[in-house]
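Colleague: what shape does this take:
(chains A and B)
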Amino acid sequence: MRAKGNDIQGISVEPPPIATQPQPAAVPVSVANLGHSFGELETLRDLSFEVAGGETVALVGPSGCGKSTLLELIAGLAAQGRGTIAVGGAAGTGERLRSCAWMPQRDGLLPWRRAVDNAALGLRFTGMTQGESRYRASLMLARLGLGEFENAYPGKLSGGMRQRVAFARTLLSGKPVLLLDEPLAALDAITRSDLQGWLRETLRVERRTTVLVTHDVEEALYLADRVLVLSPRPARIVWEGAAPAPLAGATRAEEISTPEFVALRHRAHDGLREAMSG
Amino acid sequence: MKSLLRRFGRWLTVLAPLLLLVVLIGAWQLAADSGALADVLGLDSFLVPAPDEIATSLWDDRELLADNAWVTLVEVLAGFALAVALGALMAAVLHLSPLLRRATYPLVVASQTIPIIVIAPILVVWFGFGIGPKIGIVALICFFPVVVNALDGLGTTAGEQRKLMRSLGAGPWRTFTVLEVPTALPYLFSGAKVAVAVAVIGAVFGEWAGADSGLGHLILLDNGQLEIARVFASVVVLSVMAMVLFALLALLERRVVWWSGDR
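Modeller: Predicted coordinates for the structure are as follows:
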């Protein structure tokens, strides 16, 4: 039962530039006049923004500004207050649950399941057989550079690897919208900057609609097509800007030090600072 | 020199419990031999056996002790197994049904406040002198730690984890089997370890209430006949039984829930 997954071990660790699953259709996300409170505590006020199908939008904001809550609301996982959220035109929670793949801040890997079985979890829940779901999960892990580790238990993986397994689980759900909550926040600085390049490449290949939450302006500008800066609670949008287009053949270090990138980073920072002081 | 000290320190931690046992038994032996122990207690010395007399009884009466220990062991194992099975099932039902949990949890707690020593004779009156009432009493005493720990374990999964399951398309039942049950297993083992240690006490109470064999029964007879050394020998066998069962369970725990090594 366990030995099976090995037959695709020989696959290249280098991510092939094709998606391993049929690409879901590009689905837009629309948030309109959204408000939310935890009891007396108002977390979101009159928040509106659009994410085009296939676009990657990063939400940046100070800790505790309600970014995570916002993702859970979009995913249909939290009770919604005022306003409407539509994913692909459908506003119902059940429909949003079905079309959004949510990746929480902590990897949420089950320590008693191998990497491949953790990655395949969503597929198993759709009723796919163990063999089929494992095969797909192995391909995905290989594509994400984890081919050798598919049979490892999470306890034996580094933080970066665990995060990638969690990301594989998110991608494998096959849902058209990715909601990533601080996907790299738990990692050390070096792993983090390595994985930024990796994540951007993967998101570019996947071309799924992505809403990404981070507290790091630089990461937001580097990973996303567009960046929204949120104010502290109750969160509203204080700055919005398109990220610089990726430079072909440039390293991450080169890209984040171009004058254009630096200027944008300053403007976003200023917006954030203004919101925090005012 | 330093490493020698360290090695000595390591040996000491391993040997400390053994050493303490030897010292205690030695002191007991000296006190009993000199008659001091009996004097202090104001008893005839034959009522206060020394460790060597207990050891002699353990050896001389080994067949009698083994036969009765076997009877008690069967009661303990059957009652314990019953309690773990029913306890885990009960915990699952109470976890899945908050209404039922509210309704029955106070009763589960109340069941633990009834002194076993009161229940035991009643069960014997109702169900006779066979093995049934003993298994029932062992199960009753084991049930509580199993249910409480398993229920706690089922409730410990983080809200974020359950949301993740929902987002991945799992319904409540899948979340239960895939996430909550494995999370609760280490807790179930904790409860079972407490239960197996007290199971032996339950079996003795059960036998005291009415039995024709078992170590509890033997203790009662020997007490009446002032065979005090053999009473102590029976107690030693009971303790060893409980410790071995506990150790086996700890071993099984490490094999089954290997991922929770740091708990």
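
Colleague: residues from the stretch 151-278 of chain A in reach of chain B?
Modeller: For the stretch 151-278 of chain A, the contact set with chain B under C-beta under 8 Å from any C-beta of the partner chain comprises A:153, A:155, A:169, A:173. The C-beta positions use only the backbone N, C-alpha and C, and glycine is treated the same way.

Colleague: flag whichever of those scores worst on pLDDT.
Modeller: Among these, A:S173 carries the weakest pLDDT, at 89.

Colleague: residues near that one, how many?
Modeller: 24 (other C-beta atoms under 10 Å in any protein chain shown).

Colleague: and the nearest residue to A:A243 once chain neighbours are set aside, how far from A:S257?
Modeller: Excluding the flanking residues, the one nearest A:A243 by C-beta to C-beta, 6 or more residues apart in numbering or on different chains is A:L221, at 4.7 Å. According to C-beta to C-beta, to the nearest Å, A:L221 stands 12 Å off from A:S257.

Colleague: for the stretch 1-150 of chain B, which residue gets nearest to chain A?
Modeller: Chain A sits closest to B:A150 of the stretch 1-150 of chain B, with a gap of 17.0 Å, by C-beta to the nearest C-beta.

Colleague: check contacts around B:L238.
Modeller: B:69, B:72, B:200, B:204, B:215 (C-beta atoms under 8 Å, 6 or more residues apart in numbering or on different chains).

Colleague: could you pull up phi and psi at A:T126?
Modeller: With angles defined as degrees, to the nearest 10, A:T126 sits at phi -80, psi 0.

Colleague: can you pull the contacts of it?
Modeller: B:G169.

Colleague: what distance do you get for the residue nearest to A:A243 to A:A245?
Modeller: Taking C-beta to C-beta, one finds A:L221 at 11 Å from A:A245.

Colleague: for B:L4, same thing?
Modeller: 68 Å.

Colleague: who has more neighbours, A:L221 and A:S257?
Modeller: A:L221 (25 against 12).

Colleague: so that one is in which element?
Modeller: helix A:217-223 (DSSP states H and E).

Colleague: ok, and what's touching that helix?
Modeller: Against helix A:217-223 from outside (C-beta under 8 Å, 6+ apart): A:56, A:58-60, A:184, A:196, A:199-200, A:203, A:212, A:214, A:227, A:229, A:243-244, A:252, A:255-256, A:261, A:264-265, A:268-269, A:272.

Colleague: got the residues of the stretch 151-263 of chain B near chain A?
Modeller: Close to chain A, as judged by C-beta under 8 Å from any C-beta, the stretch 151-263 of chain B has residues B:160-161, B:163-164, B:166-170, B:174, B:178-179, B:182, B:257, B:259-260.

Colleague: just list what the biggest helix by length in chain B packs against, helices and strands only.
Modeller: Ordering each helix of chain B by length in residues (DSSP state H) puts helix B:62-96 first. Of the remaining helices and strands, those touching helix B:62-96 by 3 or more C-beta pairs under 8 Å, 6 or more residues apart in numbering or on different chains; DSSP states H and E are helix B:98-113, helix B:131-154, helix B:181-208, helix B:215-224, helix B:228-256.

Colleague: give me the phi and psi for A:Q80.
Modeller: Dihedral angles (degrees, to the nearest 10) for A:Q80: phi -100, psi 140.

Colleague: pLDDT value on it, please?
Modeller: With respect to pLDDT, A:Q80 has a value of 72.

Colleague: so what's the residue count around it?
Modeller: 18.

Colleague: who are the contact partners of it?
Modeller: A:34, A:36, A:73, A:93.

Colleague: what's the helix or strand for the third one?
Modeller: If I follow you right, that is A:L73. Counting by DSSP H and E, A:L73 is part of helix A:67-75.

Colleague: grab the nearest non-local neighbour of residue 67.
Modeller: I'll assume chain A. A:V213 (4.3 Å).

Colleague: you looked at the wrong chain, it should be chain B
Modeller: B:D67's closest residue in space is B:S213 (C-beta to C-beta, 6+ apart), at 7.3 Å.

Colleague: any idea how far chain A is from that neighbour?
Modeller: 43 Å (C-beta to the nearest C-beta, to the nearest Å).

Colleague: rewinding a little: turn the residues of the stretch 151-278 of chain A next to chain B into CSV, columns for distance to B:A91 and secondary structure.
Modeller: Listed next are these as CSV, based on distance: C-beta to C-beta, whole Å; DSSP: H, G, I helix; E, B strand; the rest coil:
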residue, distance to B:A91, secondary structure
A:Y153, 26, coil
A:G155, 26, helix
A:R169, 29, helix
A:S173, 31, coil
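
Colleague: out of those, who's the most crowded?
Modeller: Result: A:R169 is most packed of these (other C-beta under 10 Å), 27 neighbours.

Colleague: ok, that one to A:P244 distance?
Modeller: 31 Å.

Colleague: what sits against the residue nearest the centre of chain B?
Modeller: The centre of chain B sits closest to B:A197, judged by C-alpha atoms, centre = their mean, with a distance of 1.4 Å. Residues in contact with B:A197, defined by C-beta under 8 Å, 6+ apart, are B:242, B:245-246.
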